[in-house]
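Student: I'd like to go over a predicted model; first the sequence, then the structure.
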Amino acid sequence: MKTNEVNKRFERDAQAPLDNILPWLLAGFTALISQWAAPSLKNIFEFILLDNKIYQGSLNLDIFYVVLFIISFSLFALYTKKHFKPRTKTLTSNIAKPSTHLFLFLSLNKLNISDHIDLENNGIDSLVHDLNNIKKHKKDVEKIFWSWEMPLYGISYHSKKLQEIILVCSPESLKQLKEFNNFILGYLKDTKIKIKTLVISPTGNTQMIDINELESKSYTGLVFENFDQLSTHLFNAIKILKKRKIKAENIMIDFTGGQKVNSVVGATLTYNSNINLQYISTGSLEVIGYNIVYGT
C-alpha cells in the first residue's frame, strides 16, 4: 500500500458530504414514519386478534407503513453505528499483556554502555541479569541514560511468548540498526524470535524486511515527528501482520522510544481495536498497558 493511500481516503470522505447528512435525514424520516406505523400496528393486531368486522382500515396500507418503519429504523441503526460514534473516551491502564509481535521504536543511541557496565549478552536468560546490572549501576554509581535500555525491557517482558520484533527506526537510528541487531542477537541466539525492520521502500511502500536486505536497496526510516508518515506506515504494517493471520490481540506497540508523536500515533491506531499499547516507566521500569475505550 502506497504512502498517499490514507490521504486519498480522507479526500474521498471530504468529497462525500451526503454521508454526513444522510443519518440525520434517516432519523427524521424514521420519526415521521413511526407516527403512521404505531396506529397501523394497532390495526393489524385488532384484525388478527379481534373480530375483523370491526377493522376499519386498509390492511395493505397498514402493513406497508409497518414494513417501511422497520426498513427505515434498520437503516438508521446501521448509520448510527457507522457515523454517530460516542465522543467520550476513557483511558484505562494496567499490566501489559505478553504478546507475540512487538513494535519497538529505536531511538538514536549516543552512549557506549560497555564503557560503564560489563554485560553477559549470552542468551535470553542473561537479559534479565544484564538489566539488573544496569539498574544497580544507575542506583549505586550514576544515573546514566542509555536509549537502548528500554527496548531491552520490552523484549525481556514479552520473551516467553514473543515471536517477532518489528523495529521502527528514524533515518538517524537506521544507521545504527546493524549495531543494535548484532547486540540484540546475543540475547536471542537460542530463541526463535525473528527481527524485522519497518522501512519505506524506494517506491514509497511499507515493507518489513530482514536487516541483511537493507544494503540491497535505498530503504529509509520513518521521521518520528511526522504524524502522517508514522500513522500511514504503522497502519500498513499492522495490515501486513493481519494478512499473515496474526490476531490483533497478539500485536503490541511500545511507544516508549522515539518522540512524543509516536505516543499519539500509537493511541490513534489502538482506538476501537484489540491491538495493545504499552509504555515502560522510566522511573519504576514497570511495563504498563494502555487501552482507549469508547464510552457513551
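Tutor: Received, thanks. Just so it is clear, the structure is predicted and the values come from calculations on it, not from any experiment.
Student: Okay, strands next: where are they in the stretch 51-200 of the chain?
Tutor: Secondary structure of the stretch 51-200 of the chain (DSSP state E, counting those that start in this stretch): strands located at 88-95, 101-106, 164-169, 194-200.
Student: okay, these, which one's buried deepest?
Tutor: Most buried of the strands of the stretch 51-200 of the chain, by mean neighbour count (mean count of other CB atoms under 10 Å): strand 101-106, with a mean of 27. Bear in mind the C-beta positions are built from the backbone N, C-alpha and C, glycine included.
Student: for that strand, packing partners?
Tutor: The contact analysis (3 or more CB pairs under 8 Å, 6 or more residues apart in numbering; DSSP states H and E) places strand 101-106 against helix 149-158, strand 164-169, helix 227-243, strand 251-254.
Student: can you redo the ones you listed as a markdown table with distance to E120?
Tutor: A markdown table is the format used below for the helices and strands packed on strand 101-106 (distance: least, CB to CB, whole Å):
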| stretch | distance to E120 |
| --- | --- |
| helix 149-158 | 12 |
| strand 164-169 | 20 |
| helix 227-243 | 32 |
| strand 251-254 | 24 |
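Student: Quick one: closest of those to P202.
Tutor: helix 227-243 (14.3 Å; CB to CB).
Student: Just name the most buried of the helices and strands packed on strand 101-106.
Tutor: strand 251-254 (a mean of 27).
Student: Of the helices and strands packed on strand 101-106, give the one that comes closest to G221.
Tutor: That would be, of those and by CB to CB, strand 164-169, which comes in at 4.2 Å.
Student: Mind exporting the C-alpha coordinates of the closest one to CSV?
Tutor: Extracted C-alpha coordinates of strand 164-169, given in CSV (Å, rounded to 0.1, in the frame of the first residue of the first chain):
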residue,chain,number,x,y,z
GLU,A,164,8.7,-11.4,16.2
ILE,A,165,10.2,-7.9,16.9
ILE,A,166,9.5,-5.1,14.4
LEU,A,167,11.9,-2.3,14.8
VAL,A,168,10.7,1.2,13.8
CYS,A,169,13.7,3.4,13.1
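Student: Now do that strand against strand 194-200, angle only.
Tutor: On the basis of axes from the mean of the first three to the mean of the last three CA atoms, to 10 degrees, strand 164-169 is oriented at 30 degrees to strand 194-200.
Student: avg pLDDT for strand 164-169?
Tutor: The pLDDT scores in strand 164-169 average 96.
Student: rewinding a little: could you export the strands of the stretch 51-200 of the chain as TSV, including distance to V223?
Tutor: As requested, those are exported to TSV (distance: least, CB to CB, whole Å):
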stretch	distance to V223
strand 88-95	26
strand 101-106	12
strand 164-169	11
strand 194-200	10
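Student: per-stretch mean pLDDT over the ones you listed, give me the minimum one.
Tutor: Of all those, strand 88-95 carries the lowest average pLDDT, namely a mean of 60.
Student: L75 contacts L26, correct?
Tutor: Yes: in this structure, L75 is within contact of L26 by CB atoms under 8 Å, at 5.5 Å.
Student: When those two are compared, which one has more neighbours?
Tutor: Set L75 next to L26 and count neighbours by other CB atoms under 10 Å: L26 wins out with 19 against 15.
Student: Confirm that one sits in a strand?
Tutor: No: using DSSP: H, G, I helix; E, B strand; the rest coil, the secondary structure at L26 is helix, not a strand.
Student: List the contacts of it.
Tutor: S72, L75, F76, Y79 (CB atoms under 8 Å, 6 or more residues apart in numbering).
Student: Need the pLDDT of the first one.
Tutor: According to the per-residue confidence, S72 scores 89 in pLDDT.
Student: ditto for the second one
Tutor: According to the prediction, L75 has pLDDT 86.
Student: and stretch 238-250, how far apart are its ends?
Tutor: Taking CA to CA, to the nearest Å, stretch 238-250 runs 11 Å from one end to the other.
Student: And stretch 193-213, by the same measure?
Tutor: Counting by CA to CA, you get 18 Å between the two ends of stretch 193-213.
Student: hmm, who's touching it?
Tutor: By CB under 8 Å, 6+ apart, the residues outside stretch 193-213 that reach it are 1-4, 103, 155, 159, 162-169, 174, 177-178, 181, 184-185, 188, 214, 217-222, 229, 232-234, 236-237, 240.
Student: Alright, that wraps it up for me.
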